[in-house]
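Chemist: Structure, please.
(2 chains)
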Amino acid sequence: MSQDNAPAPYARRSPFAPRWPRKLIGTLLTIAVTLLGLLFVTFMIGRVMPIDPVLAVIGERATQAQYDAVLLELGLDKPLLQQFFIYVNDVLHGDFGRSIRTGQLVSEDIARVFPATLELATLGTLIGVVIGVPLGVLAAVYRGSWIDQLARLVGLVGYSMPIFWMGLVGLLVFYGILGWVAGPGRLGVFYQGIVPERTGLLLIDALIAGDWTVFKDAFSHIILPASLLGYFSLAYISRMTRSFMLEQLSAEYVTTARVKGLSEWNVVWRHAFRNIRIQLITVIALAYANLLEGSVLTEIIFAWPGIGQYITTSLLANDMNSVLGGTVVIGSIFVGLNIFSDLLYRFFDPRAK
Amino acid sequence: MIKTSRSLRTAALLASLMGGVALPAMAETPPNMLVIANRIDDIKTFDPAESFEFAGADVSRNVYEKLVNFDPLDLDAGYQPELAESWEVSEDGTTITFTMADGHVFASGNPVTAKDAAFSLQRAVKLNKTPSFILTQFGFTPENAEETIKAVDDKTLVITLDQKYAVSFVLNCLTATIGGIVDMATVMENETDGDMGSAWLRTNTAGSGPYKVVDWKPNESVLMDLNPNYGGEEPAMKRVIVQHIQESATQRLQLERGDIDIARNLSPEDIASVKETDGLKVVDELKGRLMYWSANQKKDMLTDPKVLEALKWAVDYQGMAGSFLNGQYTVHQAFLPLTFLGALTEKPFTYDMEKSKAALAASDHPECGTIEISVREAQERMDIAQSLQNTWGQLGCDVSLIVGTGAQTLDRYRAREHDIYLGAWGPDYPDPNTNAGTFAVNPDNADEAGNTGYLAWRNAWDIPEMTQDTLAAVVENDTDTRAEMYVDLQKTHQQVSPFGVMFQQIEQHAMQGSVENFISGGATTAASYWVVTK
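Modeler: Numbering: from 1, shown residues only, chains lettered A, B, ... in the order given. From the prediction side, this is the model:
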């Protein structure tokens, strides 16, 4: 066997064959399979549930002839798999069908409700990160001190208090009694329709329009539910941050850094904290994704027309088109945030490069 | 000091939340704007040919005029002329000729004519959506609609029925949402794919009523402004906003803060709190919704009249109405809601375990047996079901609850698979036949007949004689005689039927003290915003 023909145990990659196209194709394939699987499971659950989707459309007073007509119109006379492939084909063409509950196209419904959730979740996560991360770090640095006790108390309350009750108490105190914030909904009745909808994010739209009155009103409406969600996020983020930091602060390189005479600030923030960034990204991404799913109870209490309430109400009304459409959006968010986390990993962790 | 007072205040607030202590009423909405908190997530469309939900009916009543309609300030007077100033009935009773009134104009500026009326009714029949049965029961079909509903000229509309009916029956049906008259020109301008404007009317309105819909965000809000061409007296409320607020506690807070004028879905606890608050008031209104149980006649034990009698005596009517249903329901035991023509006020059954046990002992099933109550997972229904489980259990029956979503329990009911169904029924149109025609009519009891629209069929109750009696009342033109016929029907029904009607709904509306004339429509129609003042 000649040397030339022998397979090299560790073949060198040609410099002209970059890895990224294969990786990109692999990632896209994973996304497609994940979303298709999600769609399949949700679709099948919706179809095998012991409730009649035709009745959800026509109500209980309809005649048998009307029932039969709608059954055919919805294609429910076809085999399940065929129904599924028809649905997937429609989705690929951007048609999620019409919601039987709102009478509107599901894509229009989602375009209306998702920005409400996005705005609330983003602000909630910002609050959670801005307060939760420093609190977690301080709790770890001053372990056993009152700051640590406070951080643990915040975490405990955040985990044990029902969000429903917290929301009602928040409304009662800050809206009902003190009048510091506006009431339920996204905007006061006097401000509706003033600012043209560009992004669906009211704060951003008001800024684009340069209308500070509307901005103030929108902010006054969002700050309480966002703070509530932010509080629950910060309870999780601060607890995890504390745990990560404790692990780092007990590592030998920290002791070495202290022995070298580095300031405590440098030890904590430039060394220990840098090493928990990657873990923290996962935690924050998960917290954000959870809020983007929509906090149903918060949305109900604050009459916030978001996607969580939309999907839940649709599910209870057996409005499967809406449920499937919403599920695809939520699924895409999770997949998107995962990819985003991966990218950040590569950025912050040299080993991942 | 500040810290202490703040702590005390916070503690007081929490106590108020827990104890339902009322807060003082504060700011107020503009004097010419009505802001209402309601659950409006059932609105699917504004098209009167398709709309069949409560919140949709509220909007429709304020947007669309009808040939005849109810005066909100005098609902007991029954239907009154609106778009039709008068009508004549042919000698054989099958043709009604309406003369249109002058001065009614659509929001578009087009005058309302008989052609619009004919188009609207024909359209409702041709589209054949769920509420179309309200019109098609008179023999109109998509094929004959243009022949049987005709505009002779701009002032004259002629409708031809398939047989003689009581005029009150026909006109009552025309007051339903489906009788709303749309602007033919505007609707047809927005027709797509031969849908007669159906897709456009889902989110837009084209009526001649006091208001027009300016903006609708599903599950969020409906905004209505004055119709500038409205022919009637100009309403005091120039703008009406209905906000979707799901939670009772949130509605109450908004009312107390003065951010809304009316809260329509308060729990009994919140109603009690509002009653204690200065500047706020609560107005009760009897609605048409009935709460009942029914026994499937496919189950041997439940066909025994004595068993049914025993079950009717073993219901704690007053106990439930006085406790968890307090203020929300009143005891009522006939299939026609109070305020309907021919409604029976007698309540022969009380909670009497001795009579109940005696009836059961006289039956073929003195030991009772297993009974499954099919009930949807809603608080008030679960409470009622548990009460029945308790009191029927005292008879020796082995009662279990089959709990499901609304759709699940309804599926079982329509498939005739239940033992006992615990449910609610609301009238579709303000005529006694709406309930009589389902509680006391079963045209064919066979499974394959699939008469799911009839409650009597769902319970497999075969009643050829009662069906005949009920249908006879539909053609009786003397109103007093007709009313008597329904009273007699209900008396028999109360005693022999497998239905145990228990309660009629009361709607309690909490509002600012300054709000006057808010009428949600009673048992016969929907809300009327144009008469509200504040």
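
Chemist: What's the local residue count around A:P115?
Modeler: 21 (other Cβ atoms under 10 Å in any protein chain shown). Quick note: C-beta positions are derived from backbone N, CA and C, even for glycine.

Chemist: what's the spacing between it and A:G124?
Modeler: Counting by Cβ to Cβ, to the nearest Å, the gap from A:P115 to A:G124 is 14 Å.

Chemist: same check, this time on B:A272
Modeler: Counting by Cβ to Cβ, the gap from B:A272 to A:G124 is 34 Å.

Chemist: Neighbour count for the two, which is higher?
Modeler: A:G124 (28 against 15).

Chemist: now the more buried one, what's its secondary structure?
Modeler: The three-state assignment at A:G124 reads helix, by DSSP: H, G, I helix; E, B strand; the rest coil.

Chemist: Which residue is the nearest non-sequential neighbour of it?
Modeler: Closest residue to A:G124 apart from its sequence neighbours, by Cβ to Cβ, 6 or more residues apart in numbering or on different chains: A:L229 at 3.3 Å.

Chemist: Contact partners for the one you found?
Modeler: A:120-121, A:124, A:127-128, A:291, A:295, A:298 (Cβ atoms under 8 Å, 6 or more residues apart in numbering or on different chains).

Chemist: Where helices are concerned, which of these count?
Modeler: A:120-121, A:124, A:127-128, A:291, A:298 (DSSP state H).

Chemist: which ones are touching the nearest residue to A:F273 once chain neighbours are set aside?
Modeler: Leaving aside its sequence neighbours, A:F273 sits nearest to A:V137 (Cβ to Cβ, 6+ apart; 6.4 Å). Going by Cβ under 8 Å, 6+ apart, A:V137 touches A:241-242, A:245, A:268-269, A:273.

Chemist: and with 10 Å instead?
Modeler: Taking Cβ atoms under 10 Å, 6 or more residues apart in numbering or on different chains, we find A:V137 in contact with A:147, A:151, A:238, A:241-242, A:244-245, A:249, A:268-269, A:272-273, A:276.

Chemist: Select only the buried ones of those in PyMOL?
Modeler: To isolate the buried ones among the contacts of A:V137 in PyMOL, judged by 16 or more other Cβ atoms under 10 Å in any protein chain shown, type:
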select buried, chain A and resi 147+151+238+241+242+244+245+249+268+272+273+276
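
Chemist: Inside strands: which ones of the contacts of A:V137?
Modeler: Under the assignment DSSP state E, the contacts of A:V137 contribute nothing to strands.

Chemist: which residues does the nearest residue to A:P305 once chain neighbours are set aside contact?
Modeler: Closest residue to A:P305 apart from its sequence neighbours, by Cβ to Cβ, 6+ apart: B:E220 at 4.5 Å. Residues near B:E220 by Cβ under 10 Å, 6+ apart: A:112-113, A:116, A:185-187, A:192, A:303-305, B:40-41, B:242-244.

Chemist: Quick check: the gap between the closest residue to B:D352 other than its chain neighbours and chain A.
Modeler: Residue nearest to B:D352 in three dimensions, not counting chain neighbours: B:W313, with 5.0 Å by Cβ to Cβ, 6+ apart. Separation of B:W313 from chain A (Cβ to the nearest Cβ, to the nearest Å) stands at 30 Å.

Chemist: Per-residue pLDDT of B:W313, please?
Modeler: pLDDT, B:W313: 97.

Chemist: same deal with B:F52?
Modeler: B:F52 is given a pLDDT of 88.

Chemist: Look at the closest residue to it other than its chain neighbours and say how many residues are nearby.
Modeler: Nearest non-adjacent residue to B:F52, counting by Cβ to Cβ, 6+ apart: B:P131, 4.6 Å away. Close neighbours of B:P131, defined as other Cβ under 10 Å, add up to 24.

Chemist: what does A:T255 give?
Modeler: 12.

Chemist: re earlier: what's the closest of the contacts of A:L229 to chain B?
Modeler: For the contacts of A:L229, the residue nearest chain B by Cβ to the nearest Cβ is A:T298; the value is 11.2 Å.

Chemist: Residue numbers of the stretch 301-450 of chain B in contact with chain A?
Modeler: Applying Cβ under 10 Å from any Cβ of the partner chain, we find that the stretch 301-450 of chain B lies next to chain A at B:377, B:404-415, B:423, B:425, B:428, B:438, B:449-450.

Chemist: Separate out the buried members of these.
Modeler: Buried among those by 16+ other Cβ under 10 Å: B:404-414, B:423, B:425, B:428, B:438.

Chemist: between those residues, which is nearest B:S248?
Modeler: For these, the closest approach to B:S248 (Cβ to Cβ) belongs to B:G406, at 19.6 Å.

Chemist: what's the nearest residue to that closest one if we skip its chain neighbours?
Modeler: B:G406 sits nearest to B:R376 (Cβ to Cβ, 6+ apart), 4.6 Å away.

Chemist: One more: B:D431?
Modeler: In this structure, B:D431 finds its nearest non-sequential neighbour in B:N172, 3.6 Å apart by Cβ to Cβ, 6+ apart.

Chemist: and the helix or strand that neighbour falls within, which residues are buried?
Modeler: Here B:N172, judged by DSSP states H and E, is contained in helix B:167-174. Residues of helix B:167-174 classed as buried: B:168-174 (neighbour count, 16+ other Cβ under 10 Å).

Chemist: before we move on, back to that, could I get the contacts of A:L229 in JSON lines, plus columns for pLDDT?
Modeler: Formatted as JSON lines, the contacts of A:L229 follow (pLDDT from 0 to 100):
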{"residue": "A:L120", "pLDDT": "95"}
{"residue": "A:A121", "pLDDT": "93"}
{"residue": "A:G124", "pLDDT": "94"}
{"residue": "A:I127", "pLDDT": "95"}
{"residue": "A:G128", "pLDDT": "94"}
{"residue": "A:L291", "pLDDT": "87"}
{"residue": "A:S295", "pLDDT": "78"}
{"residue": "A:T298", "pLDDT": "88"}
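
Chemist: export those to JSON lines and tack on distance to A:V88?
Modeler: Shown next, in JSON lines, are the contacts of A:L229 (distance: Cβ to Cβ, whole Å):
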{"residue": "A:L120", "distance to A:V88": "31"}
{"residue": "A:A121", "distance to A:V88": "28"}
{"residue": "A:G124", "distance to A:V88": "33"}
{"residue": "A:I127", "distance to A:V88": "39"}
{"residue": "A:G128", "distance to A:V88": "36"}
{"residue": "A:L291", "distance to A:V88": "29"}
{"residue": "A:S295", "distance to A:V88": "30"}
{"residue": "A:T298", "distance to A:V88": "33"}
